[in-house]
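J.: Everything below, folded, please.
(2 chains)
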Amino acid sequence: MSAAEDIPPGAATAPDTPVLSVEGLTVSVRANGAERPLVEDLSFTLRRGETLAIAGESGSGKSITSLAIMGLLPPPAVRASAGRVIFGSSDLLALGEAGMRRIRGDRIAMIFQEPMTSLNPVMTIGAQLVEALREHEAISRAEARAQALAALKSVRIAQPERRLDQYPHELSGGMRQRVMIAMALALKPDVLIADEPTTALDVTVQREVLDLLRDLQRDMGTAIILITHDMGVVAEMAERVIVMRNGRMVEQGAVSQIFGTPQEAYTQELLAAVPRMGDGATRPGQPASDTTPPPVARLDRVDVRFDIRGGLLGRVTHRVHAVEHVSFDIRAGETFALVGESGCGKSTIARAIAGLVPHEGHLEVAGRVLKGLDAAGRKAIRRDVQMVFQDPMAALDPRMRVGAAVAEPLVIHGIGTEDERRARAADLFARVGLPPEAVERYPHEFSGGQRQRICIARALALNPKLIICDESTSALDVSVQARVLDLLEALKREFGIAYLFISHDMAVVENIADRLAVMYLGQIVEMGSRAQIFGNPQHPYTRRLIEAVPVPDPGHVRAPAPRLSGEVPSPIHPVGSGPRRLDLCDIGGGHLVAGDRAAKEAAA
Amino acid sequence: MTDAAVPIARPATALARLMRRKLALIGLAIILIVTLGAVFAPWIAPYSPDEQLFDGLTIEGAPLAPNGSFLFGTDLLGRDLLSRILYGARTSLIIGVVANGAALIIGTVIGVTAGFFRGWVGAILMRFTDLMMAFPALLLAICLAAIFTPSLWIVAMVIALVNWVQTARVIFTETTALSEREFIAAERSLGASTPRILFRHILPHLVPMIIVWGTLGISTTVLLEATLSYLGVGVQPPTPSWGNIIFENQTYFQAAPWLVFIPGAAILLLALAFNLVGDALRDVLDPTQRGAE
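T.: Predicted coordinates for the structure are as follows:
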């Protein structure tokens, strides 16, 4: 306790004095009687008011470092076994739990990746802010409430008075992260540790949260340790960068130096793997043939709605209009991308095509209309359409050997003998770049990228005409993502498969798609070839999406955009009414844009 | 992370891995001893379990404490306790394994059906389960036992009919959560049939839960049988069961503690043995635990 009091508020006032310095930090985990280091001999200093980014892929030890600074390492297995963390005049590692508690939140605050799990779901926002404030300052409840309101206002949340009495589940993800930031900054800490603060957010919301963090830092002079895997975010936010790999620092330097002249091979590889907007333009497009091949999938005014029942009799009172009047074709052998933010209905379309959710309208796959098919017809269609999900760990049965999982589609459709199926599985493993002896293992014995390869092998087993990739690379590290994207591209050339590629990441889509559609609230707002959409985006929402993508180049100057704090309207409508339908107009060359005015202006 | 393969040695069979666990072996040994004792009771037991021995009581008519000729002592009627324990093992094993097993099967079938199919089928099944849960189990057991003429198999059936409820509840919740998981959606998108999804992808995940509930259920069912016997609707005297030995003698606990202590210890040991084996089985059968041993 006394140690914490030794540090006067605002300990380091001179601009160049370090607020926090880490010296030779080593964190180890004890497993099977042996100590294994998670972070080894890490040293850095954080100066007042600067933003230091710790970048690295999963398993690099970046989050463990932040937990070690906060004294939040999970006891007893994981502990800081060597080194010092100097804050003010005391060593945080030597400080007991009681001393740390006075520093945590007050002097060093932290925000986490997932704002929903970091807020208490049964307490109102106001109560949580008030509690946090009164924990560290002897103030009355009314004063604390006034301060809480001020904190919410400072993070530019819409209707801050109303938010105080709301519960976390009533707020959107972006608003929740704003509340977390308000809570972290309410006590004006010297250091803010932000652990992947925007990873769980949509790209436009990420943009707003990053802007907000930068503004607040300028106003309050808080030093920020930004932990992220996203080199785009690093380039936009950080002044200095530490690149970590396998628990060790690979490289440290000013952001311009790391991005401009990276010294280490790993940093170069990492930067090369980052998908950049504009890379796609150099890629040869789909060969323009005069004879348009027949589409593998055709959607004509497809609706997907989910009923919400209410009242005593459980009657349908409202409907979620998840997909509204969506029409598009996927041609054989092309990559068609659907982009949009969470809740825009892109995954629902995928599930409708795969026959997992019921739909209205005309949906045709490989020449067969999905509606009104009998069981045999549905099964036949499933040979032509396969799905690769976002999280390969969740999409594989953890109790089934991966070889059996890859051969299972053949078993289900009664193809081949057992030996033939085994041979086919081994063959597919080779195709996706996995050793054939891996068939005997279980999913948890693989890394994330390998698991996604297994899912791709499984999707290939039936020689489908269309593979739906639902955010299939979003959960992977960038270097792994790059390799999986290359694999998809190679398989497309070899087998002539068409992909429906669903993603929120405009940079990835720009790199892989031949044509794409931008979705907003269940409707398509713009559709066209890659060159049309990225070269000449027409709809304001498309422009916003493209502009929001963090650019992995510290020299990039962002066009000033209006600071938005509005919320996406709800797709839930009472029975009988629905959203206003958007009409798509062709502004030339198959480039479709919603909204009559925008289209007319473009055409004029 | 690197994309490189994680080398893992080819593991031994499940049985071999089970045999490597000391606690599991102890459990197996106890189960084996009890089973052998039950099967070979007529040959091992030093006396007939029902015989009221002339020298089984003191001159004052009190039961004898364990001694050289009566290893476990004698009960209130002068019967040899060791013999009664050996014969009682038959009853208790049948109740613990058969009745409990039947309860597990009923519970699993109802829980999986309700959890997987939902809709009105699930609603009806689960409301019926709730009804059974709210109804006093003992009262139901007494009613059932009173309707049928009490016999060991009837008692086993009665116990199965009241004991499946908790299992069904737990399995229902687990199945509901499982069928929402993405790999089930992946199976559906492959065109897998419902039986295939149920038996290949849902049931294997329920095995640990079933094993835990199965081993926990053994001691409760053995005791439920004892309660029923005590109320006169269970196994009819003079047929011994571990439960009714305790209940017959509990009033003399202070004067003759061995009469309660020895059958109590037998129940405890058997339940513990099944728990140890069940625990080990659960770990051994779980492929996601591989490499973590």
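
J.: Contacts only, for residue 76.
T.: In the absence of a named chain, this looks at chain A. A:R30 (Cβ atoms under 8 Å, 6 or more residues apart in numbering or on different chains). C-beta: built from backbone N, CA, C; applies to glycine.

J.: You answered for a different chain; I wanted chain B.
T.: B:P63, B:E248, B:N249, B:Y252, B:A256, B:L259.

J.: In helices only, show me those residues.
T.: Under the assignment DSSP state H, the contacts of B:L76 contribute B:E248, B:N249, B:L259 to helices.

J.: Give me the buried entries from the contacts of B:L76.
T.: B:P63, B:E248, B:N249, B:A256, B:L259 (16 or more other Cβ atoms under 10 Å in any protein chain shown).

J.: right, and the third one touches B:L77 too?
T.: It refers to B:N249. No: counting by Cβ atoms under 8 Å, B:N249 does not reach B:L77; the two are 10.1 Å apart.

J.: Serialize the buried ones among the contacts of B:L76 to JSON lines and add fields for pLDDT and distance to A:L201.
T.: Formatted as JSON lines, the buried ones among the contacts of B:L76 follow (pLDDT from 0 to 100; distance: Cβ to Cβ, whole Å):
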{"residue": "B:P63", "pLDDT": "79", "distance to A:L201": "76"}
{"residue": "B:E248", "pLDDT": "81", "distance to A:L201": "69"}
{"residue": "B:N249", "pLDDT": "82", "distance to A:L201": "69"}
{"residue": "B:A256", "pLDDT": "83", "distance to A:L201": "72"}
{"residue": "B:L259", "pLDDT": "85", "distance to A:L201": "69"}
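
J.: ok, which of the contacts of B:L76 also contact chain A?
T.: Of the residues in the contacts of B:L76, proximity to chain A by Cβ under 8 Å from any Cβ of the partner chain holds for none.

J.: Adding distance to A:L216, write these out as CSV.
T.: Below are the contacts of B:L76 laid out as CSV (distance: Cβ to Cβ, whole Å):
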residue, distance to A:L216
B:P63, 83
B:E248, 77
B:N249, 76
B:Y252, 78
B:A256, 78
B:L259, 76
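
J.: what's the one residue in chain B that gets nearest to chain A in contact with, if anything?
T.: Proximity of chain B to chain A (Cβ to the nearest Cβ) peaks at B:G191, 3.6 Å away. Contacts for B:G191 (Cβ under 8 Å, 6+ apart) come out as A:R378, A:K379, A:R382, A:R383, A:P409, A:I412, A:H413.

J.: quick one: pLDDT of the first one?
T.: Meaning A:R378. Listed pLDDT for A:R378 reads 82.

J.: Please report phi then psi for the closest residue in space to it that isn't next to it in sequence.
T.: Excluding the flanking residues, the one nearest A:R378 by Cβ to Cβ, 6 or more residues apart in numbering or on different chains is A:G355, at 5.9 Å. Dihedral angles of A:G355 (phi, psi; degrees, to the nearest 10) stand at phi 80, psi 20.

J.: Regarding A:R378, which helix or strand does it belong to?
T.: For A:R378, the enclosing helix or strand under DSSP states H and E is helix A:375-384.

J.: What segments of the stretch 1-150 of chain A are strands?
T.: With strands called from DSSP state E, counting those that start in this stretch, the stretch 1-150 of chain A shows them at A:18-31, A:34-47, A:51-55, A:78-87, A:90-91, A:108-111.

J.: ok, now the stretch 351-500 of chain A?
T.: A:360-365, A:368-369, A:385-388, A:466-470, A:498-503.

J.: Compare the mean pLDDT across these and name the weakest.
T.: Across the strands of the stretch 351-500 of chain A, the lowest-scoring stretch is strand A:368-369, with a mean of 85.

J.: residues in contact with that one?
T.: By Cβ under 8 Å, 6+ apart, strand A:368-369 touches A:H362, A:L363, A:G377, A:A380, A:I381.

J.: Please spell out the PyMOL selection for the buried subset of the residues you listed.
T.: Buried residues among the contacts of strand A:368-369 (16+ other Cβ under 10 Å), as a PyMOL selection:
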select buried, chain A and resi 363+381
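
J.: From the contacts of B:G191, list just the buried residues.
T.: A:K379, A:R382, A:R383, A:P409, A:I412, A:H413.

J.: For chain B, tell me which of the residues you listed show up nearby.
T.: Contacts with chain B within the buried ones among the contacts of B:G191, counted by Cβ under 8 Å from any Cβ: A:K379, A:R382, A:R383, A:P409, A:I412, A:H413.
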